[in-house]
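> quick one, what's the 3D model for this:
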Amino acid sequence: MGLSSTPHGGTLRLVLGDQLSDGLSALRGLDASVDVVLMAEVRDEATYVKHHKQKIALVFAAMRKFAAGLEGRGVKVRYVRIDDPANTGSIAGELGRVLAGHPFAGVVMTECGEWRLAEALAAFAKSTKIPVDIREDDRFICSLPRFNRWAADKKTLTMEFFYREMRRETGLLMDGKDPVGGQWNFDKDNRSGLARGVVPPRRMRIAPDAVTRHAMEDVERLFGDHFGDLGDFGWPTDVEEAEAVLSAFLADVLPSFGDWQDAMAAGQPWMWHGMVSTSLNLGLLDPLDVCRRAEAAYRAGRAPLNAVEGFIRQILGWREFVRGIYWSKMPEYGARNALDADRSLPWFYWSGETDMACVADAVRSSRDHAYAHHIQRLMVTGNLAMLLGVHPDAVDDWYMVVYADAFEWVEMPNTRGMATFADGGIMGTKPYAASGAYINRMSNYCAGCRYDVKLKTGEGACPFNRLYWGFLERNRARLAGNPRLAMPYRTLDGWDAARRQAVVTEAEACRTALGAVTPA
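Numbering: from 1, shown residues only. Just a heads-up that it's a prediction; the model follows:
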């Protein structure tokens, strides 16, 4: 993986750790006789937040395999390992180091997925004397210009309407001009709590091969103080492994995905979820192909419509929508704090040491697997952070650290928008605030919890109950006009002033007891 035989005048082509796709725009037109691909493991990208050990190991292993694949096809690769003594620690630094020693005619890269790095690479492009071609990342179903055209004339950006437009454009689950089954969205059929006796299916996990084990060893040695454990690493790190996990999901799990996609169960991190988000976000799987294969399962009678529509909506709808929101609203979006949340993140988000059974399970899953499914993220850890009034910067950082599939373009709109309502309603039409009743309905956590989900107040009551009404009253000026919150505010309005003040006092006592305090 060197440049000793590189002729003069070729193109230097940058491939980032989440751009591991053979069809990447930066690789198009590559001339293996003169061009060189640069790939670099750098400390800046591993530590701008202290990413979960499994996440770093996943990216490093996948990068090393992708580089080896390029070399196997005769492509020259300049691969910089994290422990290379000459490693500058940044992507821009590695670009500069290569260009200082080898005269290339130009640099080609694909636009990156995070604003922070995009700004650094734009600054590099301005500083260098040779041409830099930053190409569109067209691995997504909806291009950013296409999203912006859709959004341009709309006062409110609603995912459901975007999703319908994408269905029409792709033809996914369409019967001519109409949606298959006569309706666009089967979400109402996908909200079942876990029925007694129903056991989640056994899931495919990938045993680490030699390349992945070496990456894990590097991470443990160099990033040993980061969050998380490596012992249960089982993520796909190349296309073949990603395809195996996807195929197993489509065949064995997708048929029941719709029924139980919102359910939670203690000690069951995977439930019926796809486990393909890491592979999609690294570029090992193509999102449109994944959707078409799920559709094919429905057309062949192997999976019901509610399951397939729900799965496709998560990719064609939410995944594409959040990317459009991120790039159309940054950098201002990253500073939004619509509810003026100012509290610190409680320590149990890192330690898992809490008597709240649902939170402890979600944090343990995050630590052990770098994963928790979307309802655990939204309605347990996210909902609690919002009810506590944790500053959205702290929530953003936590989600970026603990999940292997977290890249800022997908993490921030889900966290700052959906989970905490810090964006004021750009992503969602209301805060996803809920008391313990929702968690009790959708899980088996409450039966084994020290806290009583039926109690509303006092130290023995479920903290979600203690916090819920106080959250609404504390944010009355910001939220009372929201039509989707009309019912709970009518309830509050029926209480006298003393009772309303009591729920605020109760919530404040709970916030303090749980460690969500205003930093000094």
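
> S256 sits in which helix or strand?
Applying DSSP states H and E as the criterion places S256 in helix 254-260.

> what lies in contact with that helix?
By Cβ atoms under 8 Å, 6 or more residues apart in numbering, the surrounding residues in contact with helix 254-260 are 186, 189-190, 192, 194, 198, 200-201, 271-274, 294, 297, 302-304, 306-311. Every C-beta, even on glycine, is put in place using the N, C-alpha and C of the backbone.

> just the buried residues from those residues, in PyMOL please.
In PyMOL, a selection of the buried entries from those looks like this (16 or more other Cβ atoms under 10 Å):
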select buried, resi 186+189+190+194+200+271+272+273+274+294+297+303+304+306+307+308+309+310+311
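
> the helix holding S256 - what's its average pLDDT?
Averaged across helix 254-260, the pLDDT comes to 89.

> same deal with stretch 287-294?
98.

> any buried residues in it, and which?
For stretch 287-294, burial by neighbour count (16+ other Cβ under 10 Å) applies to 287-288, 290-291, 293-294.

> what's that stretch in contact with?
Residues from elsewhere that reach stretch 287-294 (Cβ under 8 Å, 6+ apart): 139-141, 170, 172, 246, 250, 254, 276, 280, 303, 308, 311-312, 315-316, 319-320.

> endpoints of stretch 228-235, how far apart?
End-to-end span of stretch 228-235 (Cα to Cα, to the nearest Å): 14 Å.

> next one: stretch 44-53
Stretch 44-53 stretches 15 Å from its first residue to its last (Cα to Cα).

> quick one, strands of this protein?
For the chain, the strands defined by DSSP state E occupy 11-14, 36-40, 76-80, 106-110, 132-135, 174-175, 178-179.

> ok, which of these comes nearest M166?
Evaluated over those, closeness to M166 peaks at strand 174-175, with 10.8 Å, by Cβ to Cβ.

> ok now that closest one, how far from the chain's centre?
30 Å (Cα atoms, centre = their mean, to the nearest Å).

> from L378, how far out is the closest residue to G258 other than its chain neighbours?
Of all residues not flanking G258 in the chain, A307 sits nearest, at 3.3 Å (Cβ to Cβ, 6 or more residues apart in numbering). For A307, the distance to L378 (Cβ to Cβ, to the nearest Å) stands at 20 Å.

> before we move on, what about K430?
Computed as Cβ to Cβ, the K430 to L378 distance reads 13 Å.

> point to the helix or strand of this structure where mean pLDDT is at its lowest.
Ranked by mean pLDDT, DSSP states H and E, the weakest helix or strand in the chain is helix 254-260, scoring a mean of 89.

> regarding stretch 398-415, how distant is the last residue from the first?
Span of stretch 398-415 from end to end, Cα to Cα: 10 Å.

> swap in stretch 453-467?
Using Cα to Cα, the end-to-end distance of stretch 453-467 comes to 12 Å.

> repeat that for stretch 404-415.
Taking Cα to Cα, the first and last residues of stretch 404-415 lie 15 Å apart.

> ok, stretch 327-337 next?
Criterion Cα to Cα; first-to-last residue distance in stretch 327-337 is 18 Å.

> now do stretch 362-380
Stretch 362-380 has its terminal residues 8 Å apart, counting by Cα to Cα.

> in a markdown table, list the strands of the chain along with distance to R466, mean neighbour count and mean pLDDT.
Listed next are these as a markdown table, based on distance: least, Cβ to Cβ, whole Å; neighbours: other Cβ atoms under 10 Å; pLDDT from 0 to 100:
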| stretch | distance to R466 | mean neighbour count | mean pLDDT |
| --- | --- | --- | --- |
| strand 11-14 | 51 | 24 | 98 |
| strand 36-40 | 49 | 24 | 98 |
| strand 76-80 | 51 | 20 | 98 |
| strand 106-110 | 48 | 22 | 97 |
| strand 132-135 | 50 | 16 | 97 |
| strand 174-175 | 47 | 12 | 96 |
| strand 178-179 | 42 | 15 | 96 |
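
> just put the ones you listed in TSV and tack on distance to F407.
Below are the strands of the chain laid out as TSV (distance: least, Cβ to Cβ, whole Å):
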stretch	distance to F407
strand 11-14	17
strand 36-40	17
strand 76-80	21
strand 106-110	14
strand 132-135	18
strand 174-175	30
strand 178-179	30
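
> between those, which one is nearest to L514?
strand 36-40 (41.3 Å).

> given that closest one, what are its sheet partners and their directions?
Strand pairing for strand 36-40, using DSSP bridges, gives strand 11-14 (parallel), strand 76-80 (parallel).

> with distance to A394 as added columns, please give those in TSV.
Converted to TSV, the strands paired with strand 36-40 look like this (distance: least, Cβ to Cβ, whole Å):
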stretch	distance to A394
strand 11-14	32
strand 76-80	32
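
> OK, contacts around the nearest residue to G17 once chain neighbours are set aside?
Counting by Cβ to Cβ, 6+ apart, G17 lies nearest to V59, which is 4.3 Å off, once chain neighbours are set aside. Counting by Cβ under 8 Å, 6+ apart, V59 makes contact with 17-18, 41, 282.

> what's the closest of the strands of the chain to D209?
Between D209 and these, the shortest separation by Cβ to Cβ is 17.9 Å, and it involves strand 76-80.

> just the CA atoms of the closest one, as PDB, please.
Extracted in PDB, the C-alpha atoms of strand 76-80 (Å, rounded to 0.1, in the frame of the first residue of the first chain):
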ATOM      1  CA  LYS A  76      -2.800   1.600  -6.200                       C
ATOM      2  CA  VAL A  77      -3.800   2.400  -2.700                       C
ATOM      3  CA  ARG A  78      -2.100   4.700  -0.200                       C
ATOM      4  CA  TYR A  79      -3.500   3.300   3.000                       C
ATOM      5  CA  VAL A  80      -2.500   5.100   6.300                       C
END
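
> now that strand: how far from the chain's centre is it?
The answer for strand 76-80 is 29 Å, by Cα atoms, centre = their mean.

> start the count at 106, not 1, going forward
Happy to do that; since the first residue is 106 now, the last one works out to strand 181-185.

> per-residue confidence at T596?
On the pLDDT scale, T596 gets 95.

> burial check on it, number of neighbours?
T596 has 11 neighbours, counted by other Cβ atoms under 10 Å.

> the one 4 residues further on too?
With neighbours defined by other Cβ under 10 Å, the count for W600 comes to 14.

> hmm, E219 and M435 touching each other?
No. Counting by Cβ atoms under 8 Å, E219 is not a contact partner of M435; they are 9.2 Å apart.

> for R448, list each beta-bridge partner.
V495.

> residue contacts, it?
Neighbours of R448 in contact, by Cβ under 8 Å, 6+ apart: 493-496, 616, 621-623.

> make CSV out of these and add distance to D447, pLDDT and neighbour count.
Listed next are the contacts of R448 as CSV, based on distance: Cβ to Cβ, whole Å; pLDDT from 0 to 100; neighbours: other Cβ atoms under 10 Å:
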residue, distance to D447, pLDDT, neighbour count
L493, 11, 98, 25
G494, 7, 98, 23
V495, 9, 98, 24
H496, 6, 98, 21
R616, 11, 97, 24
A621, 10, 96, 24
V622, 10, 94, 13
T623, 6, 92, 11
